[in-house]
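1. Have a look at this prediction, sequence included:
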Amino acid sequence: MAILKIYETPDGNDMLRQISTPVEEVTDEHRQLIKDMFETMYDAPGIGLAAVQVGHPIRILVIDLQEPEEEGGEPVKDPRVFINPEIIETSDHDVPYTEGCLSIPEQFADVMRPDRIKARWLDENGEQHEEEIDGLLAVCLQHEMDHLEGVLFIDHLSKLKRDMVLKKLAKMRKQGRVAA
């Protein structure tokens, strides 16, 4: 396994803004990429990562919320793989959630998203799944699926808020508080 380079805005926008292509058939190369993506995500650390963020504009993403079984307990790994994910239903109720992104380090903002979705995807063995999803997993899946369309969470913000986030990120890079 390997830790991959995570593309960051604005320098990585040529990669991050690409629309990812569907996976025709899940191969051993895809499974190796998935392992590397999990290792990269855990190392970052994060809870979700799309293949395009590590230079592979294909419709693969990984998520592990790493939620503790009990309050104050140790995080429990629950890695999930989504290949060619699609949302087939959404609730009419949007909720704000404070989102961050490994491609926009140490920046957070509230984004409105449906609180429940129904999604369909393939796993790393090429088996199809369909599930109603809510809570943090629904938010994270929608966030990562945005990456597959070349959309960053800051694109859901007003121009003023987006500019503030990018200005703050540039300042932190200049000060050496995040990698340039």
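-> Done, it's in. Numbering: from 1, shown residues only.

2. Next up, the contacts around the nearest residue in space to Leu157 that is not next to it in sequence.
-> The shortest distance from Leu157 to any residue other than its chain neighbours is 5.6 Å, reached at Ala109 (C-beta to C-beta, 6 or more residues apart in numbering). C-beta: built from backbone N, CA, C; applies to glycine. Counting by C-beta atoms under 8 Å, 6 or more residues apart in numbering, Ala109 makes contact with Thr98, Glu99, Phe153, Ile154, Leu157, Lys161, Val165.

3. Of those residues, grab the buried ones for PyMOL.
-> What follows is the PyMOL syntax selecting those of the contacts of Ala109 that are buried according to 16 or more other C-beta atoms under 10 Å:
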select buried, resi 99+153+154+157+165
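
4. Out of the contacts of Ala109, flag the one nearest to Arg80.
-> Glu99 (18.0 Å; C-beta to C-beta).

5. how far away is that closest one from Asp14?
-> Going from Glu99 to Asp14 by C-beta to C-beta, to the nearest Å gives 23 Å.

6. How about Glu124?
-> When Glu124 is compared with Asp14 (using C-beta to C-beta), they lie 28 Å apart.
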